[in-house]
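Asker: I would like the atomic coordinates for the input below:
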Amino acid sequence: MGIISDNTRTRFGRRRPYFLAGIFLIFISFVLMWAPVQIQREGLRFLYVLMTYLFFSTVYTIVWVPYNSISTELTSDYDERTSLSTWRMIFSNISGILAGTLGKDLFVDTLNKDDPARGFFLMAIVFGLLFAVPYIFTFLWCREDPAFMEAEKHPLGNLKDFIRDHFTEPLKLRPFRLVVYMFLFGLHGPGCSPRTGRLLHDLLSRYHLDDDAAGSCLCQHAPGYPSCRVRRQQKGEREKRI
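Answerer: Alright, predicted model coming up:
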C-alpha cells in the first residue's frame, strides 16, 4: 500500500485521495463486523466473521498507511513532525482507552441489557462514525508538499525483485532494523490500552471502586507523550531518534 500511494498522482496529492475514499468504507466495514446477522450454521457464521474482518483490515490498511505517511510530507522540520506525531498518538490512545472502557458498559450493560447484540451493533455505528468522520477534516485541511508529486515513481517489478528491494536489502541496515523493532513494539500500545482498561475496570469493580479510579490509572501514561516531545527538542539529532 505504501508503494501504491507513493505512485499515486492526483490533483489532491498522493495521500489525501485515500482519506476521501476511506470515509464511507471505514464506516461500513466496521459496522458489518458487529451486525447481528441471523446465520444458523456455525461454519457460515465463521466465514462471515472472517470475511468482514478481512474487509475491515484491508480498508484500514488503505487509509492507515497514507495517513501515517502524510505527516512527513506536511513539513520538513523534525520538531514539527514530532509535534504532529505526539498529538496524533495522544488522541489515538485516549480514543482507545474510552472505546475499551466505555463501549460495552454504555451501549450494552446500560442501554441494551435485554438485547446485547443490538447494543454492540449500536456501539459499532457510533464508533464507526467517530472513526470515519475525522478523515473528512484530514482530507480538507491537510496540504501535501507539491514537490513530492514530482518524485519518481517506484516500479513494482517481479516478485523476486520486490522481496529483495523492500525486505532483504533494507533489513541489512542496522538503523532500519531498529526502526522496525520500535514500530513493532509501538503497535502493542494501541492494542494494549483498551485491553488494559477493560482488565483494570473489571478488577476495580470487584472491590467496588468507581470508574474514576480506573480512569486515573489509565491516564498515568498520558504525560509521557509531551515529556518525550520536550526531550526530543532538547537533545541532539542522534539522541532524538534513539
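
Asker: my guess is Tyr18 meets Gly2, correct?
Answerer: No - counting by CB atoms under 8 Å, Tyr18 stays clear of Gly2, with 11.3 Å between them. Every residue, glycine included, has its C-beta placed from N, CA and C.

Asker: neighbour count winner among the two?
Answerer: More crowded of Tyr18 and Gly2, by other CB atoms under 10 Å: Tyr18, with 27 against 13.

Asker: how much space between the residue nearest in space to the middle of the chain and Ile163?
Answerer: Taking CA atoms, centre = their mean, the centroid of the chain lies closest to Trp64, which sits 6.2 Å from it. Remark: distance between Trp64 and Ile163 (CB to CB, to the nearest Å) = 23 Å.

Asker: with just CA atoms, put stretch 78-86 into CSV.
Answerer: Provided in CSV are the C-alpha atoms of stretch 78-86 (Å, rounded to 0.1, in the frame of the first residue of the first chain):
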residue,chain,number,x,y,z
TYR,A,78,11.9,17.5,12.5
ASP,A,79,10.4,19.2,15.6
GLU,A,80,7.2,20.0,13.8
ARG,A,81,6.9,16.3,12.7
THR,A,82,7.5,15.3,16.3
SER,A,83,4.7,17.6,17.4
LEU,A,84,2.3,16.2,14.8
SER,A,85,3.1,12.6,15.8
THR,A,86,2.8,13.5,19.5
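
Asker: so, low pLDDT: which residues of the chain?
Answerer: Applying pLDDT under 70 to the chain flags residues 186-242.

Asker: that one: helices as residue ranges?
Answerer: Applying DSSP state H to the chain gives helices spanning 2-6, 16-34, 42-74, 78-104, 116-132, 134-141, 159-163, 169-171, 174-206, 211-218, 224-234, 237-241.

Asker: out of those, nearest to Met149?
Answerer: Closest to Met149 of the helices of the chain, according to CB to CB: helix 42-74, at 10.0 Å.

Asker: from the contact counts, what lies against the closest one?
Answerer: In terms of contacts (3 or more CB pairs under 8 Å, 6 or more residues apart in numbering; DSSP states H and E), helix 42-74 is packed against helix 2-6, helix 16-34, helix 78-104, helix 134-141.

Asker: could the helices of the chain be laid out in JSON lines, adding distance to Glu152?
Answerer: JSON lines is the format used below for the helices of the chain (distance: least, CB to CB, whole Å):
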{"stretch": "helix 2-6", "distance to Glu152": "10"}
{"stretch": "helix 16-34", "distance to Glu152": "20"}
{"stretch": "helix 42-74", "distance to Glu152": "16"}
{"stretch": "helix 78-104", "distance to Glu152": "23"}
{"stretch": "helix 116-132", "distance to Glu152": "33"}
{"stretch": "helix 134-141", "distance to Glu152": "26"}
{"stretch": "helix 159-163", "distance to Glu152": "16"}
{"stretch": "helix 169-171", "distance to Glu152": "18"}
{"stretch": "helix 174-206", "distance to Glu152": "21"}
{"stretch": "helix 211-218", "distance to Glu152": "46"}
{"stretch": "helix 224-234", "distance to Glu152": "31"}
{"stretch": "helix 237-241", "distance to Glu152": "26"}
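
Asker: pick the most deeply packed of the ones you listed.
Answerer: Compared across the helices of the chain, helix 16-34 shows the largest average neighbour count, a mean of 20 (mean count of other CB atoms under 10 Å).
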